[in-house]
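Visitor: Sequence first, then the predicted structure, then my questions.
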There are 4 protein chains.
Amino acid sequence: MNFASDNTSPAAPGIVDALLAANTGCVPSYGAEHAMDELTVLIRDLFESPQANVFLVGTGTAANALAVASVCPPWGTVFCHRESHVNQDECGAPEFFTGGSKLTLVDGDHARIDSRHLQRALEETGCLGVHNVQPGSLSLTNATEFGTVYMPDEISALTSLARDADIPTHLDGARFANALIATASTPAELSWRVGIDILTLGGTKNGLFGAEAVIFFNPSHIAAFEFRRKRAGHLHSKHRYLSAQMLAYLQDDLWLKLAQRANAAASTLANGLRAIPSITLIHPAQANMIFFSAPRSLHRFLRERGAVYYLLPPDPDPDGAEEACLTGRLVCNWQTDSDSIDSFLDHCRDYQ
Amino acid sequence: MNFASDNTSPAAPGIVDALLAANTGCVPSYGAEHAMDELTVLIRDLFESPQANVFLVGTGTAANALAVASVCPPWGTVFCHRESHVNQDECGAPEFFTGGSKLTLVDGDHARIDSRHLQRALEETGCLGVHNVQPGSLSLTNATEFGTVYMPDEISALTSLARDADIPTHLDGARFANALIATASTPAELSWRVGIDILTLGGTKNGLFGAEAVIFFNPSHIAAFEFRRKRAGHLHSKHRYLSAQMLAYLQDDLWLKLAQRANAAASTLANGLRAIPSITLIHPAQANMIFFSAPRSLHRFLRERGAVYYLLPPDPDPDGAEEACLTGRLVCNWQTDSDSIDSFLDHCRDYQ
Amino acid sequence: MNFASDNTSPAAPGIVDALLAANTGCVPSYGAEHAMDELTVLIRDLFESPQANVFLVGTGTAANALAVASVCPPWGTVFCHRESHVNQDECGAPEFFTGGSKLTLVDGDHARIDSRHLQRALEETGCLGVHNVQPGSLSLTNATEFGTVYMPDEISALTSLARDADIPTHLDGARFANALIATASTPAELSWRVGIDILTLGGTKNGLFGAEAVIFFNPSHIAAFEFRRKRAGHLHSKHRYLSAQMLAYLQDDLWLKLAQRANAAASTLANGLRAIPSITLIHPAQANMIFFSAPRSLHRFLRERGAVYYLLPPDPDPDGAEEACLTGRLVCNWQTDSDSIDSFLDHCRDYQ
Amino acid sequence: MNFASDNTSPAAPGIVDALLAANTGCVPSYGAEHAMDELTVLIRDLFESPQANVFLVGTGTAANALAVASVCPPWGTVFCHRESHVNQDECGAPEFFTGGSKLTLVDGDHARIDSRHLQRALEETGCLGVHNVQPGSLSLTNATEFGTVYMPDEISALTSLARDADIPTHLDGARFANALIATASTPAELSWRVGIDILTLGGTKNGLFGAEAVIFFNPSHIAAFEFRRKRAGHLHSKHRYLSAQMLAYLQDDLWLKLAQRANAAASTLANGLRAIPSITLIHPAQANMIFFSAPRSLHRFLRERGAVYYLLPPDPDPDGAEEACLTGRLVCNWQTDSDSIDSFLDHCRDYQ
């Protein structure tokens, strides 16, 4: 019953095989391995984008921050949701990599930016010229940090505002495969066709040991990326291990199969929870995460029976009233099995 | 009828005299002039703080950003009002000088931070440890950007929250003299006695050619300041011209007299405006600035008759409806005369 | 006959086994896995340093830059050899991570800092106070980028100068295991016992997939490290794969055995080359790298026969005179076999 | 007998008058004053460059660092002389403003870059691609920090190397007027006609209170300058006082007249010193500074008689041998009078 994070899951068998297969003989380092050529071809094919370029790094924070720094000047601001990973969970990485840009926090339900809020934020930014930071870029997240998704037309509505403001767009796709499954979209339909210039394509949360891709659909944005990556310590010497993982991940629909499993598990779990009277789902469970409100006593009951998951935010007062409601986050991944789900639901029912 | 800014006013006579008096002979450069010793003694005396240290720079943005960078680490966040100068009007200077910190925007009426909002913001910051930026410092502004002031006990209430969170406090006193007059307080009562660690003491808006002081009440914070100032290009070679201005400003209550004039002018103007039916004052006019809402047609009428002031935000649609209300900002300074005020009010009445 | 780099070699069998063993079940992420506790115990034992703390990252550049940034302020300078990795091969990573420090380049034969040059550099740094950058830290490299090593007393001589100047010391140990073998020293004898405060302990070049340790012998330096690491995107979510590699590497002397093989291969190769008349070794071949001068025609001859290695610097004029001498770099690693060495030497002899 | 620095001199009468004249009435702030239009016209005229753009700041370090940051990316390096102000006297300002670039120190006699050294440095930089910092810009200084000057053709020789390497060129002209006098050149002949893209035009050392100009001859470089200046706190609110100084400085040849006086004083002084047996001039005294070697006892003798000047570097051992030779720096400025020079030379002769 471990629902702590998709980061606690192991690497998937197909990825393990690929890593072992890559571990033979002498291979050029620093991204000069042949697999990178293969990966570029594959990315262009999967995304139907003959101009796409791909770079690999070891963590999602690095991918996001390098992507954002590629398009937002130090005196720019990144429009993002208040609950985005770039704002909440990266200890200021975008600010560090850009050399001191701002993030402009935009609101909207369920961690999805509301286009009216974005429009207002764009209008209010930079109108006093040199005294103000200027619009720098738009950064969306799909699937979001609250387990919801944007549909392609919702992304379009937001990126068209960015285009009107003449700023590039970044998509944090740490859970992009989960979003593809949830929206029944193709990679192109959730990225450049709806106005995304740069995509962080996550792999680690969905079955890799650790590898993330930054995909540029617009060649004018890549010039400085390689220097930024190197000087940030994110150009891996034995780069073959990153490319081997990413290649295997994207071949034969493995990424989609893994995400399909995680989303299906979350869906089953959410359906079960909806029937529990003392539990309320507080965001639509569209991808692989569920946020539920329940009394402190229920959370304690579940944890005592071995359920592992986070309260978000952390419980500010563990000795507080038993009936006070707290939010729990349940994350499913490619390995989440039905036994865990059944047990968790059984315990919830036992509590009644 | 120029109410554009206190930055459009000339230097006051006493300051001019002091600058000319300083312009004789060879004098050690880079702050080694004797006047800095005098200034330190004077600051300690005026602020009743024998440990205070003072440094001079040429602009308010430099003073604020250097002050904040002295206490907020790159992975920290500065709690400030959404309408503060550090957030709105410095093109990201705090982010640049700190090496990429965040600003956490706190709300409250009339550009004054509401203590409940601050408390909530502090509680929500950094609770996931290394994943989050950490509380870095609290930055208040007095008088505020909306022409209001904090009373000493209001500052205390906010700085005590900062102290509980173990973060230092900065006061942007670009209009500190105006705040002293408005609150009938002593310098100590509006600074260290109510928990302020670092004060940006403005002079430029209140009659100087250009000089601002950064005053540290806590000696543990000054170690790096001088290196930061130098490498930011803010250590003036002919530093004597900064110290001469600041000394004259603080001697014989000149700063208070100048601020008194500006505040009194604003008070007279505000009283007149309150009697104009089509005008609404939207913030308490406590210091030297007035924000008033009026129809677009009235603003146009006034400007055509020679009144100079800003609409904030700028008029988004100059061809819009005549009756649409826009906000005008009127700033009085040490030189604002009663003729200007009378004329402005006469024109307002004429419009009726 | 691939002598391009130790980065082109695969991961060693013991490391592969450890990675696979770590790939089971749900494990806490972001460094909270149990293996980190084991690793800390092991590091303290191996280094005979009960206070040591260890952190892991994915690349050597990250390890070095984060280590240096932990001790050198933005207005400091890092004393390092002109031929050090931090100066030559990291695209300015130390400057980026420190927020704009300098590197002061110190000379010395064979990429080893000469203590007289260091002493002079220290004396000349910062003597004009706030106008100058200040001594920040000393960064040594062992084994060096030219395949030479410092003996413990040579390190002591340099770190004692640093101690006199009151600056901390960093050792870039990307090839620390090779240095241990070459100097027949214990880990403590090449680190804290000779004055090193922070060690970058490399693994990637010596048989890992990709993992480097930063070891702090002085607890006062670690406060900010974790924030810096996170905001630089170097805190791995599936951190277990880093700790599993590093644990296996340091257990049962695996690191020493792997380095022993690389050094022995280089020694055999160097001995063979010394007998070739047209070849000159230009640095003592003390660890796993050999730098040799040979005519352009010989380099071409060897490469046409399949030898893979770099010319450093790259040949500026490939159509230049055949007899012009160029420097080749041969790197041996844990997997370099005697067949490669024999073939290479045979070809060299054939050329005569 | 004060020869400490041109920074210890007062503002010249013509500048004082201009400042006072500017101190009347309400004037738009932040560079929107009419005088900036006049200044732009004047600069374009004086420099025979219809495309030139000019910006003002308060210090030379700010001017240099902002200029360099406008053209050198964070992963670039600035080629400059080891003895340049940007390297020696700005506490790392270029590194701070660029976001962590390097300086590549180039040698040459008398603080003038030797073109062969520059050529070699350019060849050695960046040849390993992403692993290295890249050529960023060339920064020259005229007159140099050692009181020597480059002739126009000498600048051409260096900037043509920069052009071949495709990097922009900056000239630190803190003493540009002194260089004009010394080389009998026009402003164009010492700047864009010999390949300079950006000029820091100093005023403070030559009779201003404090104002420096950054002149861009190439419009493609100015885009970001204004944002960089503002967020560095270098956009002055009462900007009229900067433009008034700079206008008066450049009108009616005032800058040249002031520099002529300083250079002539230095020339007289140098001629006198050459006749003193125990004194050796160690650099050609071409502008307004003299560097002389003399026994410690002579320096002490002169100082005891009231001469004020720096030893550079500072005396490392004030109790050392009386006959040990130390270098003194004598700086003349627009106000240096013949009495001071005569007295100084008399004392030197008395010492014999």
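Guide: Yep, that arrived.
Visitor: Strands along the stretch 251-352 of chain A, start to end?
Guide: Residue ranges of the strands in the stretch 251-352 of chain A, as given by DSSP state E, counting those that start in this stretch, are A:280-281, A:289-295, A:310-311, A:325-331.
Visitor: If you could redo that for chain A, that was the one I meant.
Guide: Along chain A, counting by DSSP state E, strands occupy A:53-57, A:76-81, A:102-106, A:134-141, A:169-173, A:198-201, A:212-216, A:280-281, A:289-295, A:310-311, A:325-331.
Visitor: about what we covered before: just put the strands of the stretch 251-352 of chain A in CSV and tack on distance to B:Leu201 and mean neighbour count.
Guide: In short, each C-beta sits where N, CA and C put it, glycine included. What follows is these, written out as CSV (distance: least, CB to CB, whole Å; neighbours: other CB atoms under 10 Å in any protein chain shown):
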stretch, distance to B:Leu201, mean neighbour count
strand A:280-281, 53, 15
strand A:289-295, 48, 22
strand A:310-311, 45, 16
strand A:325-331, 45, 21
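Visitor: Compare these and give me the one nearest B:Thr98.
Guide: Closest of the strands of the stretch 251-352 of chain A to B:Thr98 is strand A:310-311, at 29.9 Å (criterion: CB to CB).
Visitor: Just the mean pLDDT for whichever helix in chain A runs longest, thanks.
Guide: Ranked by number of residues, the top helix in chain A under DSSP state H is helix A:254-274. Taken as a whole, helix A:254-274 has an average pLDDT of 98.
Visitor: Okay, buried residues for it please.
Guide: For helix A:254-274, the neighbour count (16 or more other CB atoms under 10 Å in any protein chain shown) marks A:254-263, A:265-270, A:272-273 as buried.
Visitor: and it, how far out from the chain's middle?
Guide: 16 Å (CA atoms, centre = their mean, to the nearest Å).
Visitor: For chain C, tell me whether it is touching it.
Guide: No - if you take CB under 8 Å from any CB of the partner chain as the test, helix A:254-274 misses chain C, and the best it gets is 13.5 Å.
Visitor: any idea of the angle that helix forms with strand A:325-331?
Guide: 150 degrees (axes from the mean of the first three to the mean of the last three CA atoms, to 10 degrees).
Visitor: Against which helices or strands is helix A:254-274 packed?
Guide: helix A:176-183, strand A:280-281, strand A:289-295, strand A:325-331, helix A:338-351 (3 or more CB pairs under 8 Å, 6 or more residues apart in numbering or on different chains; DSSP states H and E).
Visitor: With adjacent residues omitted, what lies nearest to A:Ala143?
Guide: A:Ala287 (3.8 Å; CB to CB, 6 or more residues apart in numbering or on different chains).
Visitor: so what's the one you found up against?
Guide: A:Ala143, A:Gly147, A:Thr148, A:Val149, A:Arg175, A:Asn178, A:Ala179, A:Ile181, A:Ala182, A:Ala262, A:Asn263, A:Ala266 (CB atoms under 8 Å, 6 or more residues apart in numbering or on different chains).
Visitor: One more: A:Thr141?
Guide: With CB under 8 Å, 6+ apart, A:Thr141 has these contacts: A:Cys80, A:His81, A:Ser84, A:His85, A:Val86, A:Ala111, A:Leu171, A:Asp172, A:Gly173, A:Ala174.
Visitor: a markdown table for those, including pLDDT?
Guide: Formatted as a markdown table, these follow (pLDDT from 0 to 100):
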| residue | pLDDT |
| --- | --- |
| A:Cys80 | 98 |
| A:His81 | 98 |
| A:Ser84 | 98 |
| A:His85 | 98 |
| A:Val86 | 98 |
| A:Ala111 | 98 |
| A:Leu171 | 98 |
| A:Asp172 | 98 |
| A:Gly173 | 98 |
| A:Ala174 | 98 |
